[in-house]
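S.K.: For reference, the sequence and a predicted model appear below.
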Amino acid sequence: MRTERDRKIVRTSLVGIGVNLVLVLFKTVIGFLTNSIAILLDAVNNLSDALSSIITIIGTRLAGRRPDKKHPYGYGRIEYLTSVIIAVIVLMAGLTSLKESALKAIAPETASYSVVSLIIITVAIAAKLLVGRYVKKVGEEINAQSLVASGSDALFDAILSLGTLIAAVVSLIWGISLEGIIGVIISVFILKAGLEMLLETLNSIIGIRADRELSEALKKKVGSYDAVRGVYDLTLHNYGPTEIIGSVHIEVPDEITAREIHRLTRQITSDVFVEFGIILTVGIYAANTSGEFGGIRETVEEVIAKRPEILQMHGFYVERETQHIMFDLIVDFQADARQVRNGVLEELSARCPDWHFDIILDSDYSD
């Protein structure tokens, strides 16, 4: 299923491929003519950039396939696998260039630059700066991680190519060969960029905390309806850069009817999808409308306040008929949540022996 986002990724990647292939040609020729290992490594880096753009296109095409029975959430996560492959390619290029540069640094050979070669290197730097800014900007606009990484890498390449240019000027003026040293520096930065790209993508695959701004915006939207007294337990699951499915609990007065709840939750899910493009399931917490249980709640809050590892208490509800008090706790990840819960339960049971407490542990999924 091709979308405008997919088309932009493909178009932008094609621009990157074209520019990088031209740079590969020019840098390879100049590198051999001047006997410059730094320029040749720059050419290899451009070639890996072009290959990365090709893989990005293939991954985008595969990720755009329609959901099916076997993959009901679609194929969006293929984009993450694409980024992993690109990161591995960058790391391999970095290791190869590091080996060749180290040998060149140990046994340096004088490069023979010309004014023409320096002009071409300067043009290449300008080209990478322009392409890098363009690719990164498009990637940020459409939330394409692979494009952002490619654009950042291109901008970084331009800076490293500037180092090659400086080495060439030094060689021309003072006859000092810095090719191997510059090559080692370039290789280290290539490896660093590849490792960062790999770690970022692996975090996305494993599952990272929801973006703070998105979480706050969603909770503000859901909490804007008249009957909603509180918004809790927001969870978001990413099935690709643009495919998000989530759930949330809202607190509503216990006196409203099932029909009113139905209308409210349907309106919330519809509005959230239109505004955010997120499929959201809405759960319900009932809130006591009478004020007779205020003293009991104060006791619970007093017990909880003694424990700083408890981040939040919500879903508080009292059932007079069964003498039950129910609420949820969010405990800091660094604490033993079960131990904290048992401590709260033990103290509340001692202070309120006539009541039964149901305490559910929730996780701190979002801000």
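M.R.: Cool, got the structure.
S.K.: Can you tell me the SS state at I360?
M.R.: State at I360, reduced to three classes by DSSP: H, G, I helix; E, B strand; the rest coil: strand.
S.K.: and it, what are its bridge partners?
M.R.: When bridges are called by DSSP bridges, I360 pairs up with D328.
S.K.: where does it land on pLDDT?
M.R.: On pLDDT, I360 comes in at 95.
S.K.: which residues touch it?
M.R.: Each residue near I360 by C-beta atoms under 8 Å, 6 or more residues apart in numbering is listed here: 315, 326-329. Bear in mind the C-beta positions are built from the backbone N, C-alpha and C, glycine included.
S.K.: and of those, the nearest to S101?
M.R.: Among the contacts of I360, L329 lies closest to S101 (C-beta to C-beta), at 55.7 Å.
S.K.: That closest one: how many residues sit nearby?
M.R.: 21 (other C-beta atoms under 10 Å).
S.K.: same question, K306
M.R.: 10.
S.K.: Return the backbone torsion pair for it.
M.R.: phi -70, psi -10 (degrees, to the nearest 10).
S.K.: quick one: which two of the contacts of I360 are the most distant?
M.R.: M326 and L329 (11.3 Å).
S.K.: Touching both of these two, which residues are there?
M.R.: 359-360.
S.K.: For the nearest residue to M197 once chain neighbours are set aside, which three-state class applies?
M.R.: Setting aside the residues directly before and after it, M197 is nearest to A87 in space (C-beta to C-beta, 6 or more residues apart in numbering), at 4.1 Å. Classification of A87 using three-state DSSP returns helix.
S.K.: just use 86 as the starting number from now, easier for me
M.R.: In the new count, where the first residue is 86, that last one comes out as A172.
S.K.: mind listing what the residue nearest to the spatial centre of the chain touches?
M.R.: Central residue of the chain (C-alpha atoms, centre = their mean): S289, 5.5 Å from the mean position. Counting by C-beta under 8 Å, 6+ apart, S289 touches 165, 168, 230, 323.
S.K.: and the contacts of I445 as CSV, adding pLDDT and distance to I267?
M.R.: Shown next, in CSV, are the contacts of I445 (pLDDT from 0 to 100; distance: C-beta to C-beta, whole Å):
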residue, pLDDT, distance to I267
G400, 94, 61
M411, 95, 66
F412, 96, 63
D413, 96, 58
L414, 96, 57
